[in-house]
Each structure stands twice: as structure tokens, then as C-alpha cells.
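A.B. asks: what shape does this take:
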Amino acid sequence: MKTGSIMDMFEQGKVLKICAPMVRYSKLAFRSLVRKYNCDICFTPMIVATDFLRSVKARDSEFTTNERDRPLIVQFAAHDAQTLADAACVVAPFSDGVDLNCGCPQRCCLWGHKP
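C.D. replies: Numbering: from 1, shown residues only. Predicted structure coming up:
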């Protein structure tokens, strides 16, 4: 997807169908399903940026996509701007934007807590 095309979607005045990030559910298989029902933009589940950067296993587990999974927004949780920026650089070639999770009320989303 070329730069600016997501914003172009909003500016055309059409109603967009957006699949918001859902804990443990917004992975590739689910995104592929909702795209079959004409979802315009999908988000990944929240990814903890420090774990994502620290571990190849975490990257492979938490972030999967394919050429049909676009436009795609990757949601990160991060404690500092540099960590967020570094994680965003890793996913930039495979996504169309980055979202910062500024607080999730679910207990399983607390940083450092594993469900």
C-alpha cells in the first residue's frame, strides 16, 4: 500500500469498516477472516514493544502477516518513545501504520503479566 492511502480512504467520505485490536484474537487468521467480509483496515493485537525487540521468538509469535493482510496497523505498548520507534521501524515494511496502546483495562494486558 502506498504512503498516504489510508488517509485517502478517510478523505473520500466513505464509511470504513475497521477491525480494532482485540487481545489474543486479532492475529493473522482472524484478520484474514474479517477481510473476507470486506473489512477495510485491520489492527494487530497489542504487542509489548520491549519483548518484541528483545526476542526473535516473540516477533515470530506476535507478528505474522502476508501480502493480502493490508492495510494493517500494528499496535504496540511501550514505556518509552525510543522503544516504540525501534519496534515501529521493524514492522514498517510490512504494515501501514503504528498505534500506541495508551492503556487497556484488561488484566491480561498489564505489562509483565502473562495470562
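
A.B. asks: worst-scoring helix or strand of this structure, pLDDT-wise?
C.D. replies: helix 5-11 (a mean of 80; mean pLDDT, DSSP states H and E).

A.B. asks: closest to the centroid, which residue in this structure?
C.D. replies: V74 (2.0 Å; Cα atoms, centre = their mean).

A.B. asks: helix, strand or coil for it?
C.D. replies: Under DSSP: H, G, I helix; E, B strand; the rest coil, V74 falls in the strand class.

A.B. asks: cool, R31 as well?
C.D. replies: helix.

A.B. asks: excluding chain neighbours, what is closest to it?
C.D. replies: C42 (4.3 Å; Cβ to Cβ, 6 or more residues apart in numbering). C-beta coordinates here come from the backbone N, C-alpha and C atoms, glycine included.

A.B. asks: partners of the helix or strand encompassing that neighbour in the sheet?
C.D. replies: Assessed by DSSP states H and E, C42 sits inside strand 41-43. Strand 41-43 has the following strand partners under DSSP bridges: strand 18-19 (parallel), strand 72-77 (parallel).
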